[in-house]
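Chemist: what follows is a protein structure lacking sequence information:
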C-alpha cells in the first residue's frame, strides 16, 4: 500500500511541476517604462531589418567555462531596433541616468546602461539574434535571443526568450 501512495505522490509532483512550467519561447517583446511611446516588436518586425553575420560564439558560464557554441549567428543591433525609442527626458545630458532591463520569459534579467548601448563599443556588439545554427528566428528554440559576443563570460548576458525591455532611471 505504501508503494502505491508513493507512486501517486510522485506522479502528482511531476505533473504539477510540468504543468507549472512556463514556455521559454516568445514571439514578441515590448519596450516600456520611461519612454514617450511603448514599442512592440514581433518576429516579423525583427525580420524586416537587415541582419549581419556574427559567426560562431562560445557560450561560457559565470566562471568562463565553455557551455556550448552558438554557430552561424546572424543578428541585428539592438540600438538599431531601438532607434525610434524616445526617453521621457528632454536633456541629452540626463540620458546617462537611464538603464534598460532586458527580461526573459522565465524572468531572467540583464541590465545595460543607456551609455553602454548607445555610447560605447558594447552597443556595436549587442544583438537580437535572427539566425542560429542555420535556423531563422521563428525556428530557433530560444526564440528571441539577445547576445553580446564580446562579453568575457557570454552566458551572463545570454537572454533566451526576451519578453520585454524596461527603461528605467537611477534615483
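Modeler: Received, thanks. It should be emphasised that the depicted structure is a prediction, and the values quoted were computed from it without experimental measurement. Numbers count the residues shown, from 1 in each chain.

Chemist: from here on, just use CA atoms for contacts and neighbour counts.
Modeler: Fine.

Chemist: for the closest residue to residue 170 other than its chain neighbours, grab phi and psi.
Modeler: Of all residues not flanking residue 170 in the chain, residue 97 sits nearest, at 5.6 Å (Cα to Cα, 6 or more residues apart in numbering). Torsion angles at residue 97 (phi, psi; degrees, to the nearest 10) stand at phi -90, psi 0.

Chemist: spit out the contact partners of residue 97.
Modeler: Applying Cα atoms under 8 Å, 6 or more residues apart in numbering to residue 97 gives the contacts 114, 169, 170.

Chemist: those residues, buried ones only, as a PyMOL selection?
Modeler: Buried members of the contacts of residue 97, defined by 16 or more other Cα atoms under 10 Å, are picked up in PyMOL with:
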select buried, resi 114+169
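
Chemist: tell me the one of the contacts of residue 97 nearest residue 51?
Modeler: The shortest approach to residue 51 among the contacts of residue 97 belongs to residue 114, at 22.4 Å (Cα to Cα).

Chemist: what's the distance between that closest one and residue 78?
Modeler: Distance of residue 114 to residue 78, computed by Cα to Cα, to the nearest Å: 12 Å.

Chemist: name the residues contacting each of those two.
Modeler: By Cα under 8 Å, 6+ apart, no residue touches both residue 114 and residue 78.
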